[in-house]
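Trainee: The following block contains a protein sequence and its predicted model.
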4 protein chains.
Amino acid sequence: MNIKVGIIGGSGYTGIELLRILHQHPEAEVIAISSRALQGKKIAEVFPSMAGLSALIYSFPDDKSLNDCDIIFFATPHGVAMNGAGSFLEKGIKVIDLGADFRIHDASNWTRWYNMEHTQNSLLEEAVYGQPEVRREVIKSARLVANPGCYPTAVLLALKPLLENRLIDCSNIVADCKSGTSGAGRIANQAMLLSEASESFKAYGVGGHRHFPEMKQELELMAGEVIGLTFVPHLLPMIRGIEATIYVDLLDSSVDVRPYFENAYQNEEFVKILPEGVYPETRSVRSSNYCQLAIQYVEHSDKLVIMSVIDNLVKGAAGQAIQNMNLMFGIDEKTGLSQIGLLP
Amino acid sequence: MNIKVGIIGGSGYTGIELLRILHQHPEAEVIAISSRALQGKKIAEVFPSMAGLSALIYSFPDDKSLNDCDIIFFATPHGVAMNGAGSFLEKGIKVIDLGADFRIHDASNWTRWYNMEHTQNSLLEEAVYGQPEVRREVIKSARLVANPGCYPTAVLLALKPLLENRLIDCSNIVADCKSGTSGAGRIANQAMLLSEASESFKAYGVGGHRHFPEMKQELELMAGEVIGLTFVPHLLPMIRGIEATIYVDLLDSSVDVRPYFENAYQNEEFVKILPEGVYPETRSVRSSNYCQLAIQYVEHSDKLVIMSVIDNLVKGAAGQAIQNMNLMFGIDEKTGLSQIGLLP
Amino acid sequence: MNIKVGIIGGSGYTGIELLRILHQHPEAEVIAISSRALQGKKIAEVFPSMAGLSALIYSFPDDKSLNDCDIIFFATPHGVAMNGAGSFLEKGIKVIDLGADFRIHDASNWTRWYNMEHTQNSLLEEAVYGQPEVRREVIKSARLVANPGCYPTAVLLALKPLLENRLIDCSNIVADCKSGTSGAGRIANQAMLLSEASESFKAYGVGGHRHFPEMKQELELMAGEVIGLTFVPHLLPMIRGIEATIYVDLLDSSVDVRPYFENAYQNEEFVKILPEGVYPETRSVRSSNYCQLAIQYVEHSDKLVIMSVIDNLVKGAAGQAIQNMNLMFGIDEKTGLSQIGLLP
Amino acid sequence: MNIKVGIIGGSGYTGIELLRILHQHPEAEVIAISSRALQGKKIAEVFPSMAGLSALIYSFPDDKSLNDCDIIFFATPHGVAMNGAGSFLEKGIKVIDLGADFRIHDASNWTRWYNMEHTQNSLLEEAVYGQPEVRREVIKSARLVANPGCYPTAVLLALKPLLENRLIDCSNIVADCKSGTSGAGRIANQAMLLSEASESFKAYGVGGHRHFPEMKQELELMAGEVIGLTFVPHLLPMIRGIEATIYVDLLDSSVDVRPYFENAYQNEEFVKILPEGVYPETRSVRSSNYCQLAIQYVEHSDKLVIMSVIDNLVKGAAGQAIQNMNLMFGIDEKTGLSQIGLLP
């Protein structure tokens, strides 16, 4: 099979990451890439890692070459895919939105968090939240996939075995999350300068972050009940990686939760449970599509702590999108995604 | 006044930090420094920042020059100050231990966490836990001060106003803490190599960390009741700084806690409360003795989040020790400690 | 003495560095600070390290408060001080320009490199190039000082003993220089994002950099002849620090140059010559006003290598400016500048 | 084809990098890995990026499983391959030494730089210096390949077109080189701690570095005459990457050297010449086997500057070794090496 891929909004880190991973994919090829700002530029002028390795040139987002694709990835700010997805779907082209437009099922909730009217209610209804470990079968037959946010990916995989097996008190979940600066994108931004963001650490969005409603929605679907979730993101002085440290109360402290994690993920290639006493490091999954999880019961305070790491640009974005693409086209889910994390 | 200072165990980061800060102190002077391993070496051979700036030479820890001091700082691993402090105190020399030997009042609890018998029960009883913002008056008349650990300093200052005013549920406190690598010291250690620890983030000591019993002891003294505390430390890919994000439940959600923080610290030079919506960054206090605090009530989960940052080597070690020294010698607590954080 | 200081263009790293260092200066006080963009903002809103430590508010650059100063520091892009300095000088207020407007004596040469007409020829003639180790006496009586660029400071101090003693071939000097990102300022700039500039290294401005004509001018003044200089700057993945590795050919290979360096700097507080076999690290002078130099003769290629490190924001900018201010006001040159480098 | 690979000395960064790259190689498989220190440990216990991805267990270096291999990679300190290679060669097993034992043809020169007698003169004579872009055909038929050092790889590729075409003055070449800390290996080493090596930059080995004789030997083979080379390595505050900035004098300044570079590398997959005015960044080749080169003539000093970047662990070690392996087994040289650099 040769899947023809188009990327809309290919000027950012998600764009180059799609290009990097698909370069290794034996059954897909990027044939068109667009960016309003970079129109006419060669890829290697924008991303010097591509020097001598691609003849692709940025087109305008309405370029006809996109219509020759089998699938379109939207790597755009919110609001773009919402209006652009429909015309591709009508032509029989599948769509994966790496942005936020189709992640939240409730249009009014989306509007509240994104300060924008949602204009595509029927697409919103159709879109599938694309976490393969949660709803693989539905993704296989989807036309339109909402690729999960980076923080939600890390948190949802960590809590799934606990919620689906009703092992914890759902009213008191704390997710303390940390992300590298690549999550903030490739836009010039004073706060993300090396001189500002390196050698420092801080919380942000404490009162409310746009990944909160998405997490809550999905956790409640897993749990079948209302969730009390506190989510605080932090900025790490490094480029790639997300770590989530999650604090929950077991309903029955005597239960050993490890077997539930092992059962949940025994057939999942991209989720690895670490041995007792080993805690995950973000670098272990740098550049790879893996999620590593660890579980630790803290005796002196009777809390269960779950730790989860992903590469925010791979399992948290481009890698998971390609995993979804593979499912949508009926090929092996792991195709093109077998790279081991870059260590050191 | 000219306070003659001796440092025992001056080969590590706490040692050089004491030297750096005291170099700016108008009323104190380091006249002796010892290190078993570095005996005979010039300071500048060990710390190249001192090139041409000090004639000090490392002596053995039992060198007579230490007896000419007015105060001895122990910057040693646990177990050293325990046995060495007594002879100085007998000679009328004050002692501040920057290690852990006198922080935990209960000897058997200390033994459990440090795997070593505590041999100096009477000194343990006499020692004052040296957090100036908590027990300034007692420190002023102390002979032997146990300088607080770095994580406890950040957490205790964050919770003091809440516990002393009985505003929170003491049974469910989560302290998610992060530290730069300088907290692990200057010892060759594979896990702390730049190639291993940079561009990565991980939790450690999740099941139990030696700063836990110290935090719990002091929090319970503040609260007057038993505390349920979960403390998870993490390693940041940077040199200096600690951030603590602390999650608590208010007993009465309608209470505005900000005035309690402002009252608690209005006369404290070294604790600053940030305005609403501003969250502290570790770099803001890099190289300085300040602690910056922020408070954020999270409406959708009914949690109060407190954030606290310090420089682990200054307010978390050498700076707080000098603050204690100033108090013990009756001089202005702020002397030598007025440096602003190094930004950028 | 109480020197009243004003800062024009206080929104950048040079501005906050002047504030940080002057906060420790016993005989000077910043009474006015201006920034067109930040007018009306409190300093701590811009630089969070200042929280609770200053009541200063940014004014417009033409605010009357600046006229009450004894000295004005221009920390502005080129072109600003050129037009603004005169009116202060007329009022008897001294001026130090930390920008580039008065560094190059030849107006047409300046115009060629800065793409702007130089409109103040008489000021240009009057301005003194402010490197205290080179022309201390002239600075003492100057009204208008051109503070040297960061790269030139590191290179000039490294070559002064060799050129003044006519020890090297002046036609073949290579200066391979490296700077942290703070040299690029606090402006939002995609290339300086942590995600772009960390974990990477590159040369820039290879064909020509604005510090080249300044270096060449001063080196030729030292040598008394034409200099053949190749200067290549590089960007380091870190915040502060400049290192210059300089390659020269000795006129007589059998000469030991070390005594010439020691003689040249024996009375200079801020230049330290490292012992044989020890090479300078930028961190050794981080946050301090020191320059550390090392000399190594390479036998198998008959080259002399000189290495020089400074903190680009201190000895390379704000610190050297304050050193100049001290000279201009007749107080001890070292006042307020005794901080040791922050290590680690 | 299925090439069975063994790795001796698999505990370091070269070892894990061979594992990482070979994991993507469709025609080779690592069947044995040894490490004296790690015998009996699972790979994932040592390199957490391998969690759940390999059943390999470290054996002793004399384990019989190594005899079942088609090729052995020695990733060992100097002195090990020298004595171990022979017995594999006798069994018809090919050998690539990623260490230094067979790089220098002259045994007495080797002894001088490595402080050890060379005991295998006939192997030394047989060994091929494995730079594919220089002697591809000889490598194809070699039994024993000396894989080039990281610094030499970057410098030799930069100078080859100039030396082979006799365009420069060979007596005055300056190679100012910079490397990330991964070049110093995975050994616990105080100077390589994050707290010591990050946020800093320094030269080292200025008087003489072991890669000097190797560079000089190969440059002289290219030039056919004696070379005057000054090589100064520096340590970068980052993990991966080498940059070399090389200064040479053209014999004829009017010659445009670009066509010589383009001709030299037009058929080379792994060497890319950047366009005029674009300078290479180490991150562009992070995790990839590419070398990027740029050329800049500096008019005002009549110097030619060549810049070269590689990933020291890939083109500077494991990647080039696999490129050599491909050649030795007659398969496409690029097999398994098509990964694009990880950016950001």
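Mentor: Yes, it's here.

Trainee: Okay, helices next: where are they in the stretch 101-250 of chain A?
Mentor: Applying DSSP state H, counting those that start in this stretch to the stretch 101-250 of chain A gives helices spanning A:107-114, A:121-126, A:132-140, A:150-164, A:194-197, A:211-223.

Trainee: give me the number of residues near the closest residue to chain B within the stretch 101-250 of chain A?
Mentor: Scanning the stretch 101-250 of chain A for proximity to chain B using C-beta to the nearest C-beta identifies A:Ser200 as nearest, at 3.6 Å. For the C-beta atoms, the positions are set from N, CA and C on the backbone; glycine is no exception. Counted with other C-beta atoms under 10 Å in any protein chain shown, the neighbours of A:Ser200 add up to 25.

Trainee: Excluding covalently adjacent residues, which one is nearest to it?
Mentor: When the adjacent residues along the chain are set aside, A:Ser200 lies closest to B:Arg283, with 3.6 Å between them (C-beta to C-beta, 6 or more residues apart in numbering or on different chains).

Trainee: now A:Leu250
Mentor: A:Leu304 (5.3 Å).

Trainee: Restrict the helix or strand containing A:Ile7 to CA atoms and write it as CSV.
Mentor: In this assignment (DSSP states H and E), A:Ile7 forms part of strand A:3-8. Taking Å, rounded to 0.1, in the frame of the first residue of the first chain, the C-alpha atoms of strand A:3-8 are listed here in CSV:
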residue,chain,number,x,y,z
ILE,A,3,-0.8,6.0,1.5
LYS,A,4,-0.5,9.6,0.1
VAL,A,5,-0.3,12.0,2.9
GLY,A,6,-0.9,15.8,3.0
ILE,A,7,0.0,18.1,5.9
ILE,A,8,-1.8,21.3,6.5
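
Trainee: Need the residues that contact that strand.
Mentor: A:15, A:18-19, A:22, A:27-34, A:61, A:65-66, A:68-76, A:80-81, A:84, A:325, A:329 (C-beta atoms under 8 Å, 6 or more residues apart in numbering or on different chains).

Trainee: Who are the packing partners of the helix or strand following it?
Mentor: Elements were assigned by DSSP H and E; along the chain past strand A:3-8, the next helix or strand is helix A:13-22. In this structure, helix A:13-22 packs against strand A:3-8, strand A:28-34, helix A:319-328, with contacts taken as 3 or more C-beta pairs under 8 Å, 6 or more residues apart in numbering or on different chains; DSSP states H and E.

Trainee: can you redo these as CSV with mean neighbour count and mean pLDDT?
Mentor: As requested, the helices and strands packed on helix A:13-22 are arranged in CSV below (neighbours: other C-beta atoms under 10 Å in any protein chain shown; pLDDT from 0 to 100):
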stretch, mean neighbour count, mean pLDDT
strand A:3-8, 24, 98
strand A:28-34, 22, 97
helix A:319-328, 26, 98
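
Trainee: want to throw the ones you listed into JSON lines with distance to B:Leu342?
Mentor: What follows is the helices and strands packed on helix A:13-22, written out as JSON lines (distance: least, C-beta to C-beta, whole Å):
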{"stretch": "strand A:3-8", "distance to B:Leu342": "42"}
{"stretch": "strand A:28-34", "distance to B:Leu342": "43"}
{"stretch": "helix A:319-328", "distance to B:Leu342": "38"}
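
Trainee: ok, for A:Val145, nearest residue in space, not its chain neighbours?
Mentor: A:Gly130 (4.0 Å).

Trainee: any chance of the helices of the stretch 101-250 of chain A in JSON lines, with mean neighbour count, distance to chain D and mean pLDDT too?
Mentor: Formatted as JSON lines, these follow (neighbours: other C-beta atoms under 10 Å in any protein chain shown; distance: least, C-beta to the nearest C-beta, whole Å; pLDDT from 0 to 100):
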{"stretch": "helix A:107-114", "mean neighbour count": "15", "distance to chain D": "26", "mean pLDDT": "97"}
{"stretch": "helix A:121-126", "mean neighbour count": "14", "distance to chain D": "31", "mean pLDDT": "97"}
{"stretch": "helix A:132-140", "mean neighbour count": "17", "distance to chain D": "15", "mean pLDDT": "98"}
{"stretch": "helix A:150-164", "mean neighbour count": "25", "distance to chain D": "14", "mean pLDDT": "98"}
{"stretch": "helix A:194-197", "mean neighbour count": "27", "distance to chain D": "11", "mean pLDDT": "98"}
{"stretch": "helix A:211-223", "mean neighbour count": "21", "distance to chain D": "21", "mean pLDDT": "98"}
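
Trainee: Now distance to A:Tyr265 too, for those helices, in TSV please.
Mentor: Converted to TSV, the helices of the stretch 101-250 of chain A look like this (distance: least, C-beta to C-beta, whole Å):
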stretch	distance to A:Tyr265
helix A:107-114	30
helix A:121-126	29
helix A:132-140	7
helix A:150-164	8
helix A:194-197	33
helix A:211-223	14
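
Trainee: out of the ones you listed, which comes closest to A:Val257?
Mentor: Set against A:Val257 and scored by C-beta to C-beta, the helices of the stretch 101-250 of chain A come closest in helix A:150-164, at 6.6 Å.

Trainee: Please identify which residue in the stretch 201-344 of chain A comes closest to chain C.
Mentor: A:Ile239 (5.1 Å).

Trainee: Am I right that that residue is in contact with C:Ala197?
Mentor: No: if you go by C-beta atoms under 8 Å, A:Ile239 and C:Ala197 don't touch, sitting 10.1 Å apart.

Trainee: can you count the residues close to A:Pro233?
Mentor: Taking other C-beta under 10 Å as the neighbour definition, A:Pro233 ends up with a count of 22.
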